[in-house]
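Trainee: Provide a 3D model corresponding to the input given below.
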Amino acid sequence: MRDSSREKKTDRFGKKTSRRDGPSSRKGSRNGDGPSDRRGGGRGTDNNLMGRRSLRLMENVKEINPTDYEFLRKFLTDHGKLLPGRFTGTTSKQQRQIKKAIRRARVMGLLP
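Mentor: Coordinates of the predicted model:
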């Protein structure tokens with residue numbers, strides 16, 4: 001006896017296809033069967049809150065000195081770009097102060 005779930009079927013264009021239970025068994029379907037239901041969400045999910053950790057580089061710093069290039073290098077990438085506040089753990093006010101100090105240090109030639 002032949003297994004009815006594995007028999008040849010035709011799609012809407014007349015081509016012969018081999019499906020198990022119809023369109024829900026297709027890869028990437030939205031019915032809870034495919035890999036599309038396992039992908040991570042965007043801003044609406046709380047998945048990334050548990051894995052996020054901040055560096056807290058500004059804990060005991062009262063003022064930012066533009067000539068202290070070793071301290072300011074902690075807030076730059078290898079290419080010289082400014083790291084976002086969500087990575088460094090700074091507030092938006094501190095991030096603005098760091099941005100201003102880095103710009104001044106670049107003008108003085110201390111940073112790239």
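Trainee: by average pLDDT, which secondary structure element in the chain comes out worst?
Mentor: helix 47-51 (a mean of 48; mean pLDDT, DSSP states H and E).
Trainee: am I right that residue 97 is in a helix?
Mentor: Yes. Looking at residue 97 with DSSP: H, G, I helix; E, B strand; the rest coil, it is inside a helix.
Trainee: now for it: which residues touch it?
Mentor: By CB atoms under 8 Å, 6 or more residues apart in numbering, the residues touching residue 97 are residue 64. To be clear about C-beta, it is placed using only N, CA and C from the backbone, and glycine gets the same treatment.
Trainee: still on that earlier bit, tell me what the helix or strand that comes right after the least confident helix or strand of the chain is packed against?
Mentor: Heading C-terminal from helix 47-51, the first helix or strand you meet, by DSSP states H and E, is helix 69-72. Packing contacts for helix 69-72, counted by 3 or more CB pairs under 8 Å, 6 or more residues apart in numbering; DSSP states H and E, involve helix 92-108.
Trainee: let me know the average pLDDT across stretch 58-68.
Mentor: The average pLDDT for stretch 58-68 rounds to 87.
Trainee: ends of that stretch, what's the gap?
Mentor: 14 Å (CA to CA, to the nearest Å).
Trainee: residues contacting that stretch, please?
Mentor: 71-72, 88-90, 94, 97-98, 100-102, 104-105, 108, 110.
Trainee: please identify the buried residues of that stretch?
Mentor: Neighbour counts using 16 or more other CB atoms under 10 Å place 58, 64, 66 of stretch 58-68 among the buried residues.
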